[in-house]
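Asks: Curious how this folds, go ahead:
(2 chains)
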Amino acid sequence: MKKEDMVKLISAEGFEFVIDKDAAMVSQTIYNMLTSPGSFAETQHGEVTFPEISTTILEKICNGKETEFPIEPELTLELMMAANYLHT
Amino acid sequence: MESELVRLCIEAACENRESVEKWRRQRRSLERLPSHLADALLRRLIHRRLLFPSLLEVFKHSVEKIDLRGENSVDAEWMAYLGAFRYLRSLNVADCHKVTGSALWPITGMTSLKELDLSRCMKVTDAGIRHIISISTLEKLYVSETGLTTNGVTLISSLKNLSLLDLGGLPVTDQALSSLQVLTELQYLDIWGSEVSNKGAAVLRKFSKLSFLNLSWTNVTKLPNLPSLKCLHMSNCTISSLLEGDGGKPPLKKLIFSGAKFENEAEALMHIETSFLSFLDASNSSIQRFCFLPSMEALKHLDLSWSTMGDDLVKHVACIGANLRNLNLSKTRVSSAGVGILAGHLPNLEILSLSYTPIDDVAVSYISMMPLLRVVDLSNTNVKGFIHQEGAEPDFFLSLKALESLNHLERLNLEQTHVRDAALKPLSSFQELRDLSLRSASLTDVSLHYLSSLPKLTNLSIHDAVLSNNGLYLFNPSATLKKMDLYGCWLLTEDAILSFCKKYPQTEVRHELVHNLPSNPNGSTSPSPSRLTSRTLLVNQKQGNISISPSFVDQRLKYNREELLALQYSSLSLAIPLDRGSTTSQLLMNQSSSMS
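Replies: Next up is the predicted model:
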């Protein structure tokens, strides 16, 4: 897959997740970040940093796009807030 | 709306007690929770019956809206926690019978609360209202059927921001109403069943923004002009004049006169602006001539059930038929000839009820001329399903076939009519039919067979029919069938019904012998048990009122004892052990109420 078809999502701890751009664009928030006019770093490099979202949660969200997954009760609050923030 | 992932999270968070324990100590996250997520999470906890008073504490920084309607456990301890909710805008504890006047003390002086529903909290008294009046932000207050006295009502006058006040069923006197006239922001006032008379009604003029008023079951006979009024309830009142006086005519949209008596209907209604009126309920009223109807051209919903409407007057309905969506003529004298007068004048009608009228099959063909009909109720009429034609070959035709032209027909009620199996044959081609109700001792397996081909059938009710085990076995309904009600189909045995349930697990079957309804294993879509129970009870009470038809007995007399035993291969005993299988409390209730 070509580089421009992928985006890099970076968690609060600095972990990077490289995922398919179309899959990431399901999130209205990411879509806005990557398509907004102007020279934002996000638009230029296809990279989005989420200082508020932990690695565990971001991993869940990235995986969740492909398959159904079990949600551990201890993660529900954080995950629901992240999902809410990302409009996914 | 919540996204799918948010929904899944809420579901996982409310799986059971253990899952709640996993997140309830995450204080920092809980404090940051956006209010709409907190509201949704709390709603789900209530729904799953996982909420208890001390768990409320974790929501005190986030929740804005809480609905605890009908939760019997809500008491002073719950209220103590709720009083600490800093951002709470709306609190609904209607029908929470343990909420007393003193239990309201903790919510004294709440600073964000705008809406409070205490309806039918019978232990809330004048002492309780003293706590409430400290919440000066209140805009909506529901205290209908509480323990308030006239004095308590008077105290409410200090809540100057009220735009909605529901005092239904309280002893509001003319004097008490007069003390409320300082509430100039009121838009909605409900004082049904109060002691208010014409003297008090004159005070209503002070509420210049009033758009909703319920005066049902009061002694008010003369209502002064209220220029902002849009919706008026005067059920069971004796009405002599309405909205007479200076000022502009109010833009009335909805009028409810159910059970009202008119001394002179033309005079009483002469001051009403009718051009905006879209809803009129004159059921069971004393209206005789209906000469005001022709001016109500915007009417969409018209209920004339139990009234003196008949073939002679139905022309008044026909002339305003263009906009009608919903017409209820049940329990009137309207016959097939009357329906004939209406036919062709109701191009937009979607819902029509003619139950308990003297109509017969001729009306059915007129009904087929109302192209947008979705719901048709022909129950308890003389409809037979066929019309004889002298000299023709064949000498009859099936009248229900005419309804085939109604492309939107979703619901049809033919209970307690004279239809027999053969008459139902045309139904098999009704492509949109979702709901069908039948009740007749003349119907057999043949009817069931016709219904197999209905592609969208969702709810089927066949009461008191002579359905056999074999007929049920051969019935092959559409996969859309969710509910099948077979009460009174006395030939069916428990085994036959259970094997049907097994074959069609998506269909909930109701019958005297069924006590093990298929239930959703993860319980995610089923409402909380307490609410479900009360609802099923209500349904059953309704069924209880309609006793077994006389023809039911005739049908049994048709067979002798030997034939009956031959028809049925197992006992017809009603004494079913209730502990068999995994019965839930709700099913037990269902069972016991249907048997009693």
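Asks: okay, CA-based contacts and neighbour counts for the rest of this
Replies: Noted.
Asks: which helices and strands sit right next to the helix or strand hosting A:Tyr31?
Replies: Taking DSSP states H and E as the criterion, A:Tyr31 maps to helix A:28-35. Contacts defined by 3 or more Cα pairs under 8 Å, 6 or more residues apart in numbering or on different chains; DSSP states H and E place helix A:28-35 against helix A:41-45, helix A:76-86.
Asks: C-terminal to the first one, what's the next element?
Replies: Toward the C-terminus, helix A:41-45 is succeeded by strand A:47-49 as the next helix or strand (DSSP H and E).
Asks: So what touches that next one?
Replies: The contact list for strand A:47-49 (Cα atoms under 8 Å, 6 or more residues apart in numbering or on different chains) reads A:Val7, A:Lys8, A:Leu9, A:Ile10, A:Ser11, A:Ala12, A:Ile30, A:Met33, A:Ala41, A:Glu42.
Asks: what mean pLDDT does the helix or strand just after it have?
Replies: On the C-terminal side of strand A:47-49, the closest following helix or strand by DSSP H and E is helix A:55-64. If you average the pLDDT over helix A:55-64, you get 84.
Asks: Compute the inter-axis angle for helix A:55-64 and helix A:76-86.
Replies: Counting by axes from the mean of the first three to the mean of the last three Cα atoms, to 10 degrees, helix A:55-64 lies at 60 degrees to helix A:76-86.
Asks: Next, the contact list for residue 22, please.
Replies: I'll assume chain A. So A:Asp22 contacts A:Asp5 (Cα under 8 Å, 6+ apart).
Asks: actually chain B
Replies: B:Lys22 touches A:Pro73, A:Glu74, counting by Cα under 8 Å, 6+ apart.
Asks: For my notes, confirm it occurs in a strand.
Replies: No. Using DSSP: H, G, I helix; E, B strand; the rest coil, the assignment for B:Lys22 is helix, not a strand.
Asks: How much space separates it from B:Cys14?
Replies: Between B:Lys22 and B:Cys14 the distance, using Cα to Cα, to the nearest Å, works out to 10 Å.
Asks: Next: A:Thr35.
Replies: According to Cα to Cα, A:Thr35 stands 37 Å off from B:Cys14.
Asks: Among those two, which residue is more densely surrounded?
Replies: Set A:Thr35 next to B:Cys14 and count neighbours by other Cα atoms under 10 Å in any protein chain shown: B:Cys14 wins out with 26 against 14.
Asks: nearest spatial neighbour of residue 4, skipping sequence neighbours?
Replies: Picking chain A for this. A:Gly46 (7.6 Å; Cα to Cα, 6 or more residues apart in numbering or on different chains).
Asks: um, chain B though
Replies: Closest to B:Glu4 by Cα to Cα, 6+ apart is A:Thr88, at 7.7 Å.
Asks: Low-confidence ranges, chain A, go.
Replies: Counting by pLDDT under 70, the ranges of chain A that qualify are A:1-2, A:38-43, A:64-68.
Asks: Which residues of it lie near chain B?
Replies: Residues of chain A lying close to chain B (Cα under 8 Å from any Cα of the partner chain) are A:71-81, A:83-84, A:87-88.
Asks: Narrow these to those that are buried.
Replies: Neighbour-count burial (16 or more other Cα atoms under 10 Å in any protein chain shown) applied to the residues of chain A next to chain B gives A:71, A:73-81, A:83-84, A:87-88.
Asks: and which of those residues is nearest B:Gly200?
Replies: Distance to B:Gly200 across those (Cα to Cα) is lowest for A:Asn84, with 51.8 Å.
Asks: thought the closest one was touching B:Glu4?
Replies: No. A:Asn84 is beyond contact range of B:Glu4, at 10.0 Å (criterion: Cα atoms under 8 Å).
Asks: one step back: and the residue nearest to A:Glu4, what is it in contact with?
Replies: Here A:Gly46 is in contact with A:Glu4, A:Met6, A:Val7, A:Lys8, A:Leu34 (Cα under 8 Å, 6+ apart).
Asks: gap between the third one and B:Arg32?
Replies: Between A:Val7 and B:Arg32 the distance is 28 Å, computed by Cα to Cα.
Asks: So between these two, which is more surrounded?
Replies: Between A:Val7 and B:Arg32, A:Val7 has the larger neighbour count (other Cα under 10 Å), namely 25 against 14.
Asks: Report the separation between that one and chain B.
Replies: 21 Å (Cα to the nearest Cα, to the nearest Å).
Asks: tell me what the host helix or strand of that residue is packed against?
Replies: For A:Val7, the host element (DSSP H and E) is strand A:6-10. Applying 3+ Cα pairs under 8 Å, 6+ apart, one finds that strand A:6-10 contacts strand A:16-20, helix A:21-24, strand A:47-49.
Asks: so of the ones you listed, which one's packed in deepest?
Replies: When you average the neighbours per residue for each of the helices and strands packed on strand A:6-10 (mean count of other Cα atoms under 10 Å in any protein chain shown), strand A:47-49 leads with a mean of 19.
Asks: mind listing what that one pairs with, with the direction of each?
Replies: strand A:6-10 (parallel) (DSSP bridges).
Asks: what's the distance between B:Phe262 and B:Asn328?
Replies: According to Cα to Cα, B:Phe262 stands 21 Å off from B:Asn328.
Asks: for A:Ala24, that is, sorry about that
Replies: 53 Å.
Asks: again with B:Glu15
Replies: Per Cα to Cα, B:Glu15 is found 45 Å from B:Asn328.
Asks: Do a quick rundown of the strands in the stretch 351-500 of chain B.
Replies: In the stretch 351-500 of chain B, the segments counted as strands under DSSP state E, counting those that start in this stretch are B:351-353, B:375-377, B:386-388, B:396-398, B:411-413, B:435-439, B:459-463, B:483-485.
Asks: Quick check: which of these is nearest to chain A?
Replies: Closest to chain A of the strands of the stretch 351-500 of chain B is strand B:483-485 (Cα to the nearest Cα; 30.4 Å).
Asks: so what does that closest one touch, helix or strand wise?
Replies: So strand B:483-485, by 3+ Cα pairs under 8 Å, 6+ apart, packs with strand B:459-463, strand B:508-510.
Asks: Please look at B:Glu267 and B:Ser241 and confirm they touch.
Replies: Yes. Using Cα under 8 Å, B:Glu267 makes contact with B:Ser241 at a distance of 6.9 Å.
Asks: and those two? which has more neighbours close in?
Replies: B:Ser241 (23 against 13).
Asks: what's around the residue nearest to B:Leu414 when sequence neighbours are not counted, how many residues?
Replies: Spatially, and ignoring its direct neighbours in sequence, B:Leu414 is nearest to B:Ser379 (4.6 Å; Cα to Cα, 6+ apart). Neighbourhood size, B:Ser379 [other Cα under 10 Å]: 23.
Asks: now swap in the one 5 residues further on and tell me
Replies: Applying the criterion other Cα under 10 Å, we find 18 residues in the vicinity of B:Lys384.
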